[in-house]
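how would this look folded up:
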Amino acid sequence: MKSIAVIYGSDSSEWEVACRSGEFTSSRIDGSKYDVYEIFARFGKWSLVAYRRQNSIKVLIPEDARPQIDKTDFSVILDGEKIKFDYAYIMQHGTPGENGKMQGYLEMLGVPHSGCNAFVAAVTFDKYSCKNYLKDVDFVKCAKDIFIRKGDSQEGLAKMAVERLGLPMFVKPTDGGSSFGVTKVKSLEDFDKAVEYAFSEGDMIMAEAAIDGRELTCAVYFDGKENVALPVIEIISENEFFDYEAKYNGHSREVCPAEIPDSLKDLIQETSKKIYAHLGCSGLVRVDYICAKDGLYFLEVNTIPGMTAASLVPKMVRTAGIDMTDFLTTIIENS
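Residues are numbered from 1 along each chain as shown. Here you go, the predicted structure:
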């Protein structure tokens, strides 16, 4: 593989975060081994915004001169030369990069890509579906939840949710990220407004019992020989929960490595590897948890975790003593 296309932007509310993740990732890919091309993709318009030839500096393309990607064969015409990309590093948070659509397109063309295959991406992106794949395993717990589809009758739903899940609870889109559309519901009266807010992000939502405990996260990747777990991070939010402000505007502390007993660290790393294998993941995946008094609760899987300089996975990589460029090479060569 020589030509690496880093695809960022997205059709979701996370598109700006995805741009930051994509730009960081492309800047860390080994320029002595690969040509790196940055593609901004949003609502069907895919433009080449920058490129870096092997052992050369990055070239930014003015907005009015950006060539469009030919989707029939995943190529571009640059300075009169047709370039077919050998590999796609997908950094689109949300649709179409995280829900299997982009993966399906690339797989139909036979283009290798980072991360999980189309089916696994689709299953893991939907929080309710993913939890149902894990609800009967014996190595992690799942909080009680209720699935709600737009158009379903909501008569008596608030009362039923409180009776079944208790308070507080979370109401969230099943297929969103970066905490868009998420509300921590503390009273019966707040439920309907939370449902309306969640539906602003998608047609399927869930109410989920809030679990009191420490929020911890761990990433897993395949190094060519085995699945490897990175150091565990504890997330300590200044807000009600780890919302958008806490994630991206400095309202949280992320302790890496987490100050937890070795037994808990080992449990989280081993559980993360088990979840990775059970779901059929590949590439780089991050798994989020709540550690409660009665055990470890699964929150969600992120198959395209954030990759800005301040994101969780780069912190794990640094703590593990791995060079980020070498780490990305491992992902590219073993996806």
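
I'd guessed residue 303 sits against residue 122; true?
No. Counting by CB atoms under 8 Å, residue 303 stays clear of residue 122, with 9.9 Å between them. Using the backbone N, CA and C atoms, a C-beta is placed for each residue, glycine as well.

ok, residue 131 touching residue 140?
No. Using CB under 8 Å, residue 131 makes no contact with residue 140, being 10.2 Å away.

list residues touching both of the two?
Residues touching both residue 131 and residue 140 (CB atoms under 8 Å, 6 or more residues apart in numbering): residue 298.

got phi/psi on residue 93?
Backbone torsions of residue 93, given as degrees, to the nearest 10, read phi -80, psi 130.

scratch that, residue 279
Main-chain torsions, residue 279, degrees, to the nearest 10: phi -80, psi -10.

so what's it up against?
120, 123-124, 130, 133-134, 301.

show me this protein divided up by domain.
Per the record, the chain has its domains at 3-113, 123-141+212-333, 147-209, by automatic domain parsing.

end to end, how far does the longest one reach?
What that stands for is domain 123-141+212-333. One end of domain 123-141+212-333 sits 24 Å from the other (CA to CA, to the nearest Å).

where in the chain is pLDDT low?
The chain contains residues with pLDDT under 70 at 1, 176-179, 239-251.

distance from the centroid: which residue in it tops it?
residue 80 (36.0 Å; CA atoms, centre = their mean).

how far away is that one from residue 36?
20 Å (CB to CB, to the nearest Å).

where exactly do the helices run in the stretch 101-250 of the chain?
Using DSSP state H, counting those that start in this stretch, the helices of the stretch 101-250 of the chain run over residues 101-109, 118-125, 127-134, 157-165, 191-199, 244-248.

so which of the ones you listed is the most surrounded?
Mean neighbour counts were taken over these using mean count of other CB atoms under 10 Å, and the top value, a mean of 21, falls to helix 118-125.

could you check the angle it makes with helix 127-134?
Relative orientation of helix 118-125 versus helix 127-134 (axes from the mean of the first three to the mean of the last three CA atoms, to 10 degrees): 100 degrees.

which residues are in contact with helix 118-125?
For helix 118-125, using CB under 8 Å, 6+ apart, the contacting residues are 98-101, 103-104, 107, 115-116, 129-130, 133, 175, 279-282, 285, 301, 303.

now stretch 48-62
Taking CB under 8 Å, 6+ apart as the rule, stretch 48-62 contacts 2, 26-27, 31-40, 66-69, 76, 78.

just these: which are in helices?
26-27 (DSSP state H).

what about the residue nearest to residue 222 when sequence neighbours are not counted, how many residues close to it?
Spatially, and ignoring its direct neighbours in sequence, residue 222 is nearest to residue 334 (5.3 Å; CB to CB, 6 or more residues apart in numbering). Per other CB atoms under 10 Å, the neighbour tally for residue 334 reads 14.

if I look at residue 334, how far off is residue 231?
In terms of CB to CB, residue 334 sits 20 Å off from residue 231.

same deal with residue 257?
As judged by CB to CB, residue 257 and residue 231 stand 4 Å apart.

over to residue 183?
In terms of CB to CB, residue 183 sits 31 Å off from residue 231.

list the contacts for residue 215?
When contacts are counted by CB under 8 Å, 6+ apart, residue 215 touches 234-237, 242, 288-291, 299.

over to residue 85?
Taking CB under 8 Å, 6+ apart, we find residue 85 in contact with 3-5, 37, 74-76, 111.

just the buried members of those residues?
Buried members of the contacts of residue 85, counted by 16 or more other CB atoms under 10 Å: 3-5, 37, 74, 76, 111.

which of those fall within strands?
Among the buried ones among the contacts of residue 85, the members found in strands (DSSP state E) are 3-5, 37, 76.

tell me which two of the residues you listed sit farthest apart.
Farthest pair in these (CB to CB) is 4 and 76. Separation: 13.0 Å.

if I look at those two, which residues touch both of them?
By CB under 8 Å, 6+ apart, residue 4 and residue 76 have these common neighbours: 37, 85.

my guess is residue 103 contacts residue 111. True?
No. Residue 103 lies out of contact with residue 111 (CB under 8 Å); the separation is 10.0 Å.

quick one: the nearest residue to residue 91 once chain neighbours are set aside and residue 256, what's the gap?
The shortest distance from residue 91 to any non-neighbouring residue, by CB to CB, 6+ apart, is to residue 22 (3.8 Å). Noted for residue 22: a distance of 23 Å to residue 256, by CB to CB.

more neighbours: those two, which one.
Using other CB under 10 Å, the more surrounded residue of residue 22 and residue 256 is residue 22, with 28 against 20.

for the stretch 151-300 of the chain, what spans make up the strands?
Secondary structure of the stretch 151-300 of the chain (DSSP state E, counting those that start in this stretch): strands located at 169-173, 183-185, 204-209, 214-222, 227-229, 233-237, 252-255, 284-292, 295-302.

good, wrapping up.
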